[in-house]
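Colleague: Build me a structure from this.
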Amino acid sequence: MNQLEILDAEARRAPAPRLHAFPLPAEWGVTLHLLDESVHPTGSLKHRTARALFRHGLRTGRIRSGTTVVEATGGNAAVAEAYFARLLGLPFVAVMPRRSAPEKIERVRGHGGTCHLVHPPLAIYDEARRYAEDHGGVYMDYLANSAQAVSAVSAAEDDVGRVLLDRVTPEWVVVGAGSGATSTAVGREIRRRGLSTRLAIADPENSAYFPGWASGADDYATGMPSRIEGIGRPRMEPGFTPSLVDLVIPVPDAASVAAMRILRDVTGLRAGPSTGTALWAAFHLAAKMRREGHQGAIATLICDDGALYENTYGNDAWLAAKALDPSPHQAAYPRFLRTADLETPE
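Modeller: Alright, predicted model coming up:
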């Protein structure tokens, strides 16, 4: 079995993500659905992206037998890439900030990867490129290359857009944007099918996507890091395709955390902060549809498992240290259900 066949076999073994319903008042005529991407072996949506990156790398010749694969992140992308590198018998190195949480380091190592720690944090990108050159490897650079790799997936190889739209045909799909790969995959699939479905991006504080999209500046940059892990960027990444996006909704970081907790309390589902960002934006769209008398479905994703964040976004002391207070947004939720108004009191 060659390496591409190994990837194909892994994809066939992958569990089918379940489509969960989030309850909204029946009289609204608006339904809300969440596709659970946390079911993958590495626990996140980045699993699909990593598979696409390795498949594309093999097909283009960037990755060969014995190639050292290098990535600049310590998040879910590094974990997923470590998993696929080990599956293919390739060395993997994650270049991470020196102050990365021990849990992140152990997740990468648990899938056979090596962690190369550097300081300052923004040096990880140049260091990953240098490390790959010095060791005859390949810098995967998922931020720059994910959208292209996902777009190269054939009709026989599912991506998240196809999987979601095979299950539901919504009025709106809401996703976050990190590399831009997910929004590009969903947006292109909407258009390939000729659907009237619209695509909304849920964007956290400090991210460049909302101001960049609103101003039409493809090179917009804030220079500030996002506090919501997995989404939001200080610059608009090359994989983000503004022309596929119908709306960008800015979401307060504290509201993202509140929506994580609301999801858990209402459905029992645990998800991370990027899911919370998208869910809060979905609430806004549901309220808008209710006020305008429109009916139909809204769909979003469970991007990863909330269990990964017990010591961070799930920890009140950690949130307080980050000046994040979700309680006003949680308190606004019952009023939202009564009035279709999601305004948060000052």
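
Colleague: worst-scoring helix or strand of this protein, pLDDT-wise?
Modeller: helix 142-151 (a mean of 89; mean pLDDT, DSSP states H and E).

Colleague: who does that one touch, helix- and strand-wise?
Modeller: Counting by 3 or more Cβ pairs under 8 Å, 6 or more residues apart in numbering; DSSP states H and E, the packing neighbours recorded for helix 142-151 are helix 46-60, helix 181-193. Quick note: C-beta positions are derived from backbone N, CA and C, even for glycine.

Colleague: now do 10 Å
Modeller: Here helix 142-151 touches helix 46-60, helix 76-87, helix 181-193, going by 3 or more Cβ pairs under 10 Å, 6 or more residues apart in numbering; DSSP states H and E.

Colleague: Report the buried residues of the second one.
Modeller: Residues of helix 76-87 classed as buried by neighbour count (16 or more other Cβ atoms under 10 Å): 76-85, 87.

Colleague: per-residue confidence averaged over it?
Modeller: Helix 76-87 shows a mean pLDDT of 97.

Colleague: same check, this time on stretch 277-284
Modeller: The average pLDDT for stretch 277-284 rounds to 98.

Colleague: Show me how far it is from its chain's centre.
Modeller: Mean-position distance between stretch 277-284 and its chain equals 14 Å (Cα atoms, centre = their mean, to the nearest Å).

Colleague: Use 57 as the first number from now on
Modeller: New numbering, starting at 57: the last item is stretch 333-340.

Colleague: Can I get that stretch as CSV, trimmed to CA atoms?
Modeller: Taking Å, rounded to 0.1, in the frame of the first residue of the first chain, the C-alpha atoms of stretch 333-340 are listed here in CSV:
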residue,chain,number,x,y,z
THR,A,333,-17.8,32.0,18.4
ALA,A,334,-19.7,30.4,15.5
LEU,A,335,-22.7,29.5,17.8
TRP,A,336,-23.0,33.1,19.1
ALA,A,337,-23.0,34.3,15.5
ALA,A,338,-25.6,31.7,14.6
PHE,A,339,-27.8,33.1,17.4
HIS,A,340,-27.6,36.5,15.8
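
Colleague: circling back: of the buried residues of helix 132-143, just say which sits nearest to Arg320.
Modeller: Asn132 (19.3 Å; Cβ to Cβ).

Colleague: In this structure that closest one contacts His167, no?
Modeller: No. Using Cβ atoms under 10 Å, Asn132 makes no contact with His167, being 11.3 Å away.

Colleague: who touches both of those two?
Modeller: Thr98 (Cβ atoms under 10 Å, 6 or more residues apart in numbering).

Colleague: follow-up on the earlier one: give me the angle between the least confident helix or strand of the chain and helix 132-143.
Modeller: Orientation check (axes from the mean of the first three to the mean of the last three Cα atoms, to 10 degrees): helix 198-207 against helix 132-143 gives 60 degrees.

Colleague: how many degrees apart are helix 198-207 and helix 102-116 in direction?
Modeller: Using the same axes, to 10 degrees: helix 198-207 against helix 102-116 is 80 degrees.

Colleague: immediately after helix 198-207, which helix or strand?
Modeller: helix 216-223 (DSSP states H and E).

Colleague: which helices and strands sit right next to the next helix or strand after that next one?
Modeller: Per DSSP H and E, the first helix or strand lying C-terminal to helix 216-223 is strand 228-231. Here strand 228-231 touches strand 86-92, helix 216-223, helix 237-249, strand 254-259, strand 303-306, helix 329-347, strand 352-358, going by 3+ Cβ pairs under 10 Å, 6+ apart.

Colleague: Repeat the analysis, applying 7 Å as the threshold.
Modeller: Applying 3 or more Cβ pairs under 7 Å, 6 or more residues apart in numbering; DSSP states H and E, we find strand 228-231 packed against helix 237-249, strand 254-259, helix 329-347, strand 352-358.

Colleague: number of nearby residues for the spatially closest residue to Ala136 that is not a sequence neighbour?
Modeller: Spatially, and ignoring its direct neighbours in sequence, Ala136 is nearest to Ala106 (3.6 Å; Cβ to Cβ, 6 or more residues apart in numbering). Ala106 has 28 neighbouring residues, counting by other Cβ atoms under 10 Å.

Colleague: quick one, what contacts Ala106?
Modeller: 133, 136-137, 140 (Cβ atoms under 7 Å, 6 or more residues apart in numbering).

Colleague: quick one: which of those is nearest Glu66?
Modeller: Proximity of the contacts of Ala106 to Glu66 (Cβ to Cβ) peaks at Phe140, which lies at 7.8 Å.

Colleague: now that closest one: how far from Ala65?
Modeller: As defined by Cβ to Cβ, to the nearest Å, Phe140 lies at a distance of 12 Å from Ala65.

Colleague: Over to Ala376?
Modeller: Distance of Ala376 to Ala65, given as Cβ to Cβ: 47 Å.

Colleague: Which residue ranges of the stretch 257-402 of the chain form helices?
Modeller: Using DSSP state H, counting those that start in this stretch, the helices assigned to the stretch 257-402 of the chain run over residues 265-271, 309-323, 329-347, 372-377, 383-395.
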